[in-house]
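Trainee: Predicted model, plus sequence, below.
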Amino acid sequence: MIRLTNVHRSFGPNHVLRGASLEIRDGETLTIIGGSGTGKSVTLKLMVGLLKPDSGQVYVDDQEISHLKDEQLAEVQKKFAYVLDSIRDTDQKLVKLTGVTVSPEVAVMRGTRLLYRGRVDDRYIELGQERANPTRRDLEAALDLITTGRPVAVKQTRAVGCILADLMK
């Protein structure tokens with residue numbers, strides 16, 4: 001069961017949710033329909049703990065999740081699958097627009113505005129040199145800031161990878 005009770009969420013002066021309440025029982029299917037900017041994605045992100053409400057409560061299986069520590073929230077999030085919008089760029093128009101030059105390198109955009117470009121993480125130090133485990137997760141940090149309405153502090157990082165040969169022509 002998922003329940004939102006009197007949830008408010010704003011991004012700066014933009015009040016996206018004002019006192020939203022709903023309940024989804026186990027086994028029930030709910031579709032959220034609305035225009036751009038009406039709070040559909042914000043509501044989903046609140047339900048899975050990717051955003052916290054400014055006020056109000058969010059319950060998953062009768063557990064209020066808004067104030068959970070990261071480790072506790074991670075356990076709750078294992079119950080969900082959330083897919084971010086993505087685009088397959090088969091003709092490399094977006095690659096050329098964003099300036100991506102190597103693989104793996106990512107670009108995160110809102111409309112035509114580039115919000116982040118660079119590496120997924122710092123696993124690869126140089127070509128042929130990699131760490132056992134990354135120490136920085138740059139894409140994850142950028143997406144966390146973007147999905148919570150905050151500006152990305154480091155908008156570009158240096159990606160290490162194979163050159164996208166088609167761009168060299």
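Mentor: Perfect, I can see it now.
Trainee: Neighbours of the closest residue to Gly161 other than its chain neighbours, how many?
Mentor: Nearest non-adjacent residue to Gly161, counting by CB to CB, 6 or more residues apart in numbering: Val102, 3.9 Å away. The way it works is simple: take the backbone N, C-alpha and C, and place the C-beta from them, glycine included. Residues near Val102, counting by other CB atoms under 10 Å, number 17.
Trainee: Beta-bridge partners for Val102, please?
Mentor: Counting by DSSP bridges, Val102 forms beta bridges with Ile163.
Trainee: can you give me the helices for the protein?
Mentor: For the chain, the helices defined by DSSP state H cover 40-47, 70-77, 93-98, 138-147.
Trainee: tell me the most buried of these?
Mentor: Most buried of the helices of the chain, by mean neighbour count (mean count of other CB atoms under 10 Å): helix 40-47, with a mean of 19.
Trainee: Which strands and helices lie in contact with that helix?
Mentor: When contacts are defined as 3 or more CB pairs under 8 Å, 6 or more residues apart in numbering; DSSP states H and E, helix 40-47 packs onto strand 2-11, strand 14-24, strand 55-60.
Trainee: That helix to strand 55-60, inter-axis angle?
Mentor: 70 degrees (axes from the mean of the first three to the mean of the last three CA atoms, to 10 degrees).
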